[in-house]
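Show me the folded form of this:
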Amino acid sequence: MSGVSNVGVEVDFTIAQGTDFSAPLTLYQADGVTPINLTGCTLSAEMKLSAVSTVVYAVFVVTVTNATAGQITVSLPYASNDLPAGDTVQGVEEGTYVWDLKLVNAAGLVSRPFYGTVTVQADVTP
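Residues are numbered from 1 along each chain as shown. Reported below is the predicted structural model:
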């Protein structure tokens, strides 16, 4: 028996404090081959200690790099004067977190194409 799932794909990140983080990702339709056209979509990604936590430790910057090819970049800068301290690698403590990416398509349907863990490794050299 085959099944259908809308859970998404697990992608785990390891981020070193004291560095800029960036991960290119491609979103595919259920067949795993055809890219999702991201034209008119809204994307957001957050990092928390657990899925039920109310505290958001970081909000990733999600940039669509090629809408028709389903290509995005999920990033977290080391430091930025334009972002709150918690939305930079510099502002996140060493530890293990969870993250996911929410997609709202042009019709208003919500999906979660990616989820996973984020391991933040301590910075040794300031």
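
pLDDT weak spots in the chain?
Applying pLDDT under 70 to the chain flags residues 1-5, 79-91, 126.

And the helices in it, which stretches?
With DSSP state H, there are no helices along the chain.

ok, which stretches of it are strands?
Residue ranges of the strands in the chain, as given by DSSP state E, are 9-10, 13-16, 21-26, 42-48, 56-66, 71-76, 95-104, 110-121.

Give me the sheet partners of the first one and which way each runs.
Going back to what we said before, that points to strand 9-10. Strand 9-10 has its sheet partners listed here by DSSP bridges as strand 110-121 (parallel).

what are the C-alpha coordinates of the partner strand, in CSV please?
The C-alpha coordinates for strand 110-121 follow below in CSV (Å, rounded to 0.1, in the frame of the first residue of the first chain):
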residue,chain,number,x,y,z
VAL,A,110,-0.3,26.4,3.2
SER,A,111,2.4,23.7,3.1
ARG,A,112,5.6,22.8,4.9
PRO,A,113,8.1,21.6,2.2
PHE,A,114,11.1,21.5,4.6
TYR,A,115,11.7,20.9,8.3
GLY,A,116,14.6,19.6,10.4
THR,A,117,17.1,20.3,13.1
VAL,A,118,19.6,23.1,13.4
THR,A,119,22.8,22.5,15.4
VAL,A,120,24.6,25.7,16.3
GLN,A,121,28.3,25.1,17.2
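
returning to what we had before: and the strands of the chain, which is most packed in?
Ranked by mean neighbour count, the strands of the chain are led by strand 71-76 with a mean of 20 (mean count of other CB atoms under 10 Å). C-beta here means a position set from N, CA and C on the backbone, and glycine is covered the same way.

quick one on the thing from earlier: can you tell me which of the strands of the chain is nearest to residue 34?
strand 21-26 (10.8 Å; CB to CB).

Within its sheet, name the partner strands of the closest one and how each one runs.
Going by DSSP bridges, the partners of strand 21-26 are strand 71-76 (antiparallel).
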